[in-house]
Each structure stands twice: as C-alpha cells, then as structure tokens.
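# Fold the stuff below for me.
(chains A and B)
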Amino acid sequence: MTQSKGRFGVHGGQYIPETLMNAVIELEEAYNHYKNDPEFNRELQELFNEYAGRPSRLYYAEKMTKDLGGAKIYLKREDLNHTGSHKINNVLGQALLAKKMGKTRLIAETGAGQHGVATATAAALLGMECVVFMGEEDTKRQALNVYRMRLLGSEVIPVKSGTATLKDAVSEAMREWTNRIDDTHYCLGSVMGPHPFPTIVRDFQSVISKEIKEQMLEKEGRLPDAVIACVGGGSNAIGTFYNFIEDKEVALIGCEAAGRGIDTFETAATINTGRLGIFHGMKSYFCQDEYGQIAPVYSISAGLDYPGIGPEHANLHDSGRAQYVAITDDEAVDAFEYLSRTEGIIPAIESAHAVAYARKYAPTLSEDKIIVITISGRGDKDCAAIARYRGEDITE
Amino acid sequence: MSKARIKEAFANSKAFIPFITCGFPDVETTIAVVEAAVANGADLIEIGIPFSDPTAEGPVIQGANLVALQGGITTDKVFDTVKILREEKGIKIPLVFMTYANVVYSYGAEKFMTKCSEIGIDGIILPDLPFEEKAEFSDVCDKYDVALISLIAPTSESRIAMIAKEADGFIYVVSSLGVTGTRSEITTNLGSIVAKIREVTDVPCAIGFGISNPEQAKKMAGFSDGAIVGSAIIKIIDKYGKDSAGPVGEYVKSMKEAVVS
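Presented below is the predicted three-dimensional model:
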C-alpha cells in the first residue's frame, strides 16, 4: 500500500475532508518555504526571546533531589514563558507563518485554555482576528481563561456537541475551517491532526529540547539520563524529546493521564488503553470502543483530556524509543501539592503528571544520574479545581 | 455488479438520492423510511452508519448520530438492517454506506467489505478519506466490488481532474464550503466544476450539501446527474419520529419530481 505524506511509521497521514486538502497543501508549501527563510527565523527568534522570555530556565531542583534521594533533578521551566506555558512557542510560530501567508484570522481549539490564551495573545500582538473553540464543560472548569481570551480580544465559542471537551473543540474548529479557509488559519495546538500539523508543531516546540541540551551541557557537561514530560496530544513532550531522539542513552518518558485508573473507563491514557485508529486527520492510537466509536475520556486535567495521541509519539512507542506511563488523578494532585511545597513552584496539573512519575522514578536511580522534568505550564489556573478536589469550597 | 447497479440508477433520468442515518430514532423507522423513499422514486440511498464524532456534519446529522448511538446502534446492527431491506423488503436500488474511516478501519476493512458484498451494499462514502489516503481501503473495496465514492469540493480546483480520473460509482460533488446542513443559497460555480469533471470521465455526478427544497434540487440536477439530500430528511424524521415514513415518502416524491422536471 502506498503511504501518503506526513507518516511516522504507520501513523500520521491526512484523513480530512476534500474541502481542506488544498488548505493543508498550501500550509505545507508555505512552511517548507519559511522554515528555511532567514528573515522568518530572525523574526521568530526575536518573538521567542523578547516577547515570550526564552530561553526558559533549566533549574536544579535541589530540595526535591535531596528529598527523593536518587537521581539529580532539573526542571525545564516552560511555566515561566509569557502566557504561562509552552503553548506560546508553537503559537508564535504558526501565527507568524499565517501572517506571512496573508491570513488575517486565527481559529483554535483549547482544552484547559492555555493554547486558547496563547493564540489570543499572538492574535492581539500580530493584529489578527481570533476565534477559540472550547468545550462547554471546559469553559466552566476554566472560567478565568475564558475571560483572559476575551480580554485579549478573542471570541470564545462554547462547544456543546459530544462530550463538550477538547475533542469536540477540535472537531468544531475543523468544521469552522471547512467553512472559511481563504482568510483563516487553523492554529492547531498540539502535535496532532493532519500533516503538516504534527511536523510544524513539533518543530516549533523542539526549542525545548534544543535548550535543555545546551543548558545541560553547560551545567553538567553531559546529556541527561532521562527527560520526562506529560502527554495529551503530546506537544510539550515531543518538544522535550525531539533533540534527544538520536541520543539513545537518554530515556524518553511520556506521562499520560490515567484519570481514575487505566482499569476504569474514566481515563485518558491513550497508549496504555487505546487501539490503532483514524480520527481527527491522523492514524494513531485512540481510546475507542469495539466498533471504533471514540470514547468519552476523562482526566482531572482538561489539557490531557483527549482520546488520541500525536502520530510521532505513537511511532516512538511502537519502536520502543520512548516509554509511556500512566499517572492517576490522585498521583497528579499529590505531585501538584508536593512541588508547590518543596520547591515553591506551582505546576499546571498537566505538568504535575510528569512530576508524579519523577517522584516514583528518581529514587530508583543512583545519585550520579540526571533527569529533567518539563514543567509545561504554571498551575494558577488549576488552584480552584484542586481545592475543590480536596473538598475545599473556594470561589475565584 | 455493484458498480453496474450504481450506473443504472443514473441511466434513465436525473437521480434523487436521500441520506438516512441508520437507527435514527430506531431501526424499525429506518426500514420504514427507506421503503417509503424507494416507493416514491428514490434512485439510490445513502445509509449513514453513525459515528461518535462526525466532523463533516452539521448539527442536524450530528444530533441524529448521537440519538442512534444512544439507542444502541452498532456496525453489525446496520449490516443486519441492510440485510432485512434486501432480503425481506425486496429493495433493489443501489444502497451505499456513508460513514467515517475509523468505523471501517476498526471493524477491519476486509471483514467490513466482505459483509458489504454479502448483504448487497454497492458503494461507500467516507468524507474523511481524501484522494491521498484512498489506498487505505481502495484495494479491498475493489476486491469485493464496493465502489469507493470520491468527493469533489468547491476548493478542489486543480485537484478535480486527478480525483475524477480515478472515480468509481458516482462522484459526490460538495456544493458549498462547510459541513452538511440546509442552506438558503448555494453560490459555488457548480457548472464549471462538473464541466472539469466531464473532461476526464463519464462517471455520474451528484451534488449534495445544503439542498433542502424542490427548487434547489431542480437547479442542482440541472448542473449534474442528480441531487443528494440529508439534513432536510433527518429534520423530517426528527419531527415525526416513528411516524416518519409517510412524510418522508411525500417529500421524496416532490424532490424526485423536481429533479426530473
């Protein structure tokens, strides 16, 4: 069987309506042109450095290291970026690309609201119109982010269809794109969807591992033994992994959201519980029933509450190059509180999944080992929800 | 056999093609509605296998999918329904499935197409399987003589000839941008799209998306070989529920009269 473009092993491809085909082809051609354009790269570098605050810190978590008593732990501080997460890396890249392509309007999906806020921010900066689709359920869980997007001049459309969460927001953004293509770029937020999105988003996020490598060589004079990141669609994880893929001595560990456990139906752990399928423009692993109906997934983290995973991750899993572990709500909430108390850093509940795994993993390694955890975002947005999880009744 | 049967549906006059979501609101209603549509002049019927996340559909068909799935419809139950239509109800016109790639992929393409050929399904429309990805299923479709229907959209432009050259069964011409659903106006230059198709193939073309009334159907059939209507029929079924056969029959009659006039 001939394989189409944008494949990672058997995964990836372009499973989208004919109406969108010329749009993704146009995007691919534009990206292939601009990714090698010195002027484009200079502008993007300037936005990264001067606007988003890159490079982000690689911080030695000394107290955590001593407390856990094993490997030396570094935190890659994507939470310190402008807008509070790694999402800004991809959004600045795509928004600049869209502007070069002559587009005047950005649309985006968002789960927790981090990608929506980042897109609204880039649209404000670059003078573009912006519409964000967000599951109605998530607009309630993340009311503050809805306000932030509106404050930044974006329209936020609550999506009521399906489970009213991230997957439905993606579906609705895709529907809107088929409706209006000429002036509109779909600023997809993760390493998913049809080619060329998984490649474009990965390239813009790969700045994370590029910096980790440089900073680690500077601080320790060697590469880390493992890098750990949370995975929903997988953009911060692929960003964390990418420049280490060829360095086989570096373990790549992705942390999926197990929700209430991978032996329950209330989970979003795609690699651990999903099957190969075709959805949202790509072939990859998806949580689905025996007839291929997409499962209504669950996680405490709105940003990891997605039934699929990016095709490059699916391939890294197939080849065994990366390992994907499942972290429950309880473990993530414990880690959220642990990092806050131990290091004075409140991580996003998404990132807390990576911290939770590191708490189990670091003590199994000797003291001469080094691990890096990517803190993909800051946790202010999650405080009210975690308080409620712990039975405290607080209002924002 | 299947492909010949589809060709025949377009042979004598302009075709009217209703779309019906299987299991909306239940299988008994689907059977009654299909019988009524056939009795009133439908030339070919698209039977929708519900999918949880139908990204090419507007709110009306999304809603029908949800109700059907909540009612317990499955791919196997859709196969059983088609078997009843063919064997017990004696439906002879071509029947094609409309669903999403994951429904076929998850069932196993070979197993799915074997079933199609056993029960008398003549073709399949997968809106999330563009030309570049059709190799996913085309060999197995050919093997079991199930036509893999190609779609051509208002944005296809330079892609039209490439798609049309390899088209099988009939070509589904998408009338407008966006998702399925009724529209007051269709502004795409469909005449020029069909003319480009005609340069490379004589496979019949039917226009769908947004058509709801006889005037639109007549106009669309004027550009092509037939008109496809989905959301307008689903709205009737939504309104009349289990008693939909009569109203759908009347509607199909008026639309068939419009396309041949």
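
# Just after the helix or strand of chain A at the bottom of the mean pLDDT ranking, pick out the following helix or strand.
Taking mean pLDDT, DSSP states H and E as the measure, helix A:136-141 is the helix or strand of chain A with the lowest mean score, a mean of 87. On the C-terminal side of helix A:136-141, the nearest following helix or strand under DSSP states H and E is helix A:143-151.

# pLDDT averaged over that following helix - what is it?
For helix A:143-151, mean pLDDT rounds to 94.

# Pick out the residue of the stretch 51-200 of chain A closest to chain B.
residue A:179 (3.6 Å; C-beta to the nearest C-beta). Backbone N, C-alpha and C define where each C-beta goes, glycine included.

# picking that back up, quick check: buried residues in the least confident helix or strand of chain A?
The neighbour-count check on helix A:136-141 (16 or more other C-beta atoms under 10 Å in any protein chain shown) flags A:136-139, A:141 as buried.

# Chain B: helices as residue ranges?
For chain B, the helices defined by DSSP state H cover B:2-9, B:27-39, B:59-70, B:75-83, B:101-107, B:109-119, B:138-143, B:160-165, B:190-198, B:214-223, B:231-240, B:245-260.

# and of those, who's closest to residue A:123?
Residue A:123 lies closest to helix B:59-70 among the helices of chain B, at 26.6 Å (C-beta to C-beta).

# residues in the stretch 101-250 of chain B within reach of chain A, list them.
When proximity is defined by C-beta under 8 Å from any C-beta of the partner chain, the stretch 101-250 of chain B lies next to chain A at B:101-107, B:127-133, B:135-136, B:139, B:151-159, B:163, B:174, B:177-179.

# Determine which stretch of the helices of chain B is the most buried.
Highest mean neighbour count among the helices of chain B (mean count of other C-beta atoms under 10 Å in any protein chain shown): helix B:101-107, with a mean of 24.

# which outside residues touch that one?
Helix B:101-107 has contacts (C-beta atoms under 8 Å, 6 or more residues apart in numbering or on different chains) with A:15, A:275-279, A:286, A:288, A:290-292, A:294, B:49, B:51, B:75, B:112, B:124, B:126, B:128-129, B:133, B:136-137.

# Write a PyMOL command that selects only the buried members of the residues of the stretch 101-250 of chain B next to chain A.
Buried residues within those, by 16+ other C-beta under 10 Å, are selected in PyMOL with:
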select buried, chain B and resi 101+102+103+104+105+106+107+127+128+129+130+131+132+133+136+151+152+153+154+155+156+159+163+174+177+178+179
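
# Would you mark the buried spots in the helix or strand harbouring residue A:172?
Element membership of residue A:172, judged by DSSP H and E, is helix A:166-179. For helix A:166-179, burial by neighbour count (16+ other C-beta under 10 Å) applies to A:166-178.

# Need those residues in JSON lines (columns: pLDDT).
Shown next, in JSON lines, are the buried residues of helix A:166-179 (pLDDT from 0 to 100):
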{"residue": "A:166", "pLDDT": "91"}
{"residue": "A:167", "pLDDT": "93"}
{"residue": "A:168", "pLDDT": "94"}
{"residue": "A:169", "pLDDT": "96"}
{"residue": "A:170", "pLDDT": "96"}
{"residue": "A:171", "pLDDT": "96"}
{"residue": "A:172", "pLDDT": "96"}
{"residue": "A:173", "pLDDT": "97"}
{"residue": "A:174", "pLDDT": "96"}
{"residue": "A:175", "pLDDT": "95"}
{"residue": "A:176", "pLDDT": "96"}
{"residue": "A:177", "pLDDT": "96"}
{"residue": "A:178", "pLDDT": "95"}
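
# hey, which helix is longest across chain A?
Determined from DSSP H, the single longest helix within chain A is helix A:18-34.

# Compute the inter-axis angle for it and helix A:166-179.
Put simply, helix A:18-34 runs at 90 degrees to helix A:166-179, going by axes from the mean of the first three to the mean of the last three C-alpha atoms, to 10 degrees.

# Tell me the helices and strands packed up against whatever helix or strand comes next after helix A:18-34.
Toward the C-terminal end, the helix or strand that comes next after helix A:18-34 (DSSP H and E) is helix A:38-46. Secondary structure elements in contact with helix A:38-46, counted by 3 or more C-beta pairs under 8 Å, 6 or more residues apart in numbering or on different chains; DSSP states H and E, are helix A:87-100.

# and the helix it packs on, what other elements does it pack with?
With contacts defined as 3+ C-beta pairs under 8 Å, 6+ apart, the packing partners of helix A:87-100 are helix A:18-34, helix A:38-46, strand A:105-110, helix A:114-126, strand A:184-186, helix A:197-205, helix A:235-241.

# Residue A:394 - how many residues pack around it?
Here the count is done by other C-beta atoms under 10 Å in any protein chain shown, and residue A:394 has 11 residues near it.
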